[in-house]
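Trainee: Give me a 3D structure for the following:
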Amino acid sequence: MHRISFYLSLLALLTVSRAASAQAAAAEQLFEEGRAALAAGDLPTACARFRASDQIDPGAGTRASLGSCEEKRGKLASAWEAFKSSLAKLPPGDPRIAKVQERIDALAPRLPRLVTTLAPDAPADTVATEEGITIASASTAGVALPFDPGPHRLLVSAAGRPPLAVDVVLVEGQTLPFVLRPGPLAGSEAPSSGHTAGPWIVGGVGVALLVAGGITGALAVHQKNLNEAGCSSATMTCTLAGQQAANAGHVLGPLTTTALVAGVAGVAGSALWLGLRTPSGPVTGIGFAPLVGGATVRAEASW
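Mentor: Down below sits the predicted model:
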């Protein structure tokens, strides 16, 4: 009985050893493919191979190679994280420690960062996620969280509240505020985009008045021509048609002026109204309009 147990244990060990060897071989193959892709300048493939190799057989060297690859393609936070995890795996006295620490120190000031705060009306369980991964919550308030430079879509959500998507563009070396605020409660007023019917109505009336002013102006010019044709400055006399044209001109002239002035005022007022209600500036920051202008905030349709 003891002999059977011995052989079973030996078989299990051999099986585990073979599986481990197969995993190590696969990790090594992926690592070599990553190095080849990196040498060829195919950064996306190289980084994917290094990451896959590390998932099979984690190692300090693989993580450092992944960090170098991510840094080359501008993924600074991803590179920084890879170098830090590589450093944690290196044994004391390893000659690679100084080089890896140097890369960590060089990347740190270049990282875009967000400093999160919880909105006063937001539930305590509010979180922000990116591609399904939680990246900020109430517990991270006040912490400068590192991100890769470039565009990001953050989804802010909480129990019982609809999620709110925020599209942002982060710039290397910037530290910006971010307010954790999910969508409004059902039945409450949704965030206003700043556009109402008011400015469009005013502008429409202004355009209509400009058109009317143009028509009456054309009629006034026509009546002036009729007046000049029917009246003589030498004899100071006018035909009936000339006199009627003069009377019509006295009405159409002021009417044209009034319509044009009111039309211009309406169009200008509409433009000013829209300008005051619409945030301006390039999209280089993040957050809601009261904090940092230019971010795009939209409510998702999962009410």
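
Trainee: quick check, Ile135 in a helix?
Mentor: No. Ile135 is assigned strand when assessed by DSSP: H, G, I helix; E, B strand; the rest coil, not a helix.

Trainee: ok, it - contacts?
Mentor: Taking Cβ atoms under 8 Å, 6 or more residues apart in numbering as the criterion, Ile135 is in contact with 128-129, 145, 147, 154. (Each C-beta comes from the backbone N, C-alpha and C, glycine too.)

Trainee: how close does it get to Ala77?
Mentor: Ile135 sits at a distance of 10 Å from Ala77 (criterion: Cβ to Cβ, to the nearest Å).

Trainee: Can you work out which residues contact both of the two?
Mentor: Shared contacts of Ile135 and Ala77, counting by Cβ under 8 Å, 6+ apart, come down to Phe147.

Trainee: and Pro182, helix, strand or coil?
Mentor: Criterion first, three-state DSSP; result for Pro182: coil.

Trainee: Just list whatever residues bridge to the residue nearest to it when sequence neighbours are not counted.
Mentor: Closest residue in space to Pro182, ignoring its immediate chain neighbours: Arg161 at 4.0 Å, by Cβ to Cβ, 6 or more residues apart in numbering. With DSSP bridges as the criterion, Arg161 is bridged to Ala158.

Trainee: so which of the contacts of Ile135 comes closest to Ala27?
Mentor: Nearest to Ala27 among these: Phe147, at 28.8 Å, using Cβ to Cβ.

Trainee: picking that back up, right, and the residue nearest to Pro182 touches Pro123 too?
Mentor: Yes. Counting by Cβ atoms under 8 Å, Arg161 touches Pro123, with 6.8 Å between them.

Trainee: More neighbours: which of those two?
Mentor: Legend: neighbour count by other Cβ atoms under 10 Å for Arg161 and Pro123, higher for Arg161 (21 against 16).

Trainee: Could you pull up the contacting residues of that one?
Mentor: So Arg161 contacts 123, 126, 182-185 (Cβ under 8 Å, 6+ apart).

Trainee: Reformat these as TSV; add pLDDT and distance to Gln29.
Mentor: As requested, the contacts of Arg161 are exported to TSV (pLDDT from 0 to 100; distance: Cβ to Cβ, whole Å):
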residue	pLDDT	distance to Gln29
Pro123	92	48
Thr126	94	44
Pro182	92	45
Gly183	89	47
Pro184	86	52
Leu185	78	54
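
Trainee: so for the helix or strand where Ala218 lies, what's the average pLDDT?
Mentor: Ala218 belongs to helix 197-230 when assigned by DSSP states H and E. Averaging pLDDT along helix 197-230 gives 68.

Trainee: what mean pLDDT does stretch 39-57 have?
Mentor: Per-residue pLDDT values over stretch 39-57 give a mean of 91.

Trainee: oh sorry, the question was meant for stretch 67-75
Mentor: Stretch 67-75 carries an average pLDDT of 94.
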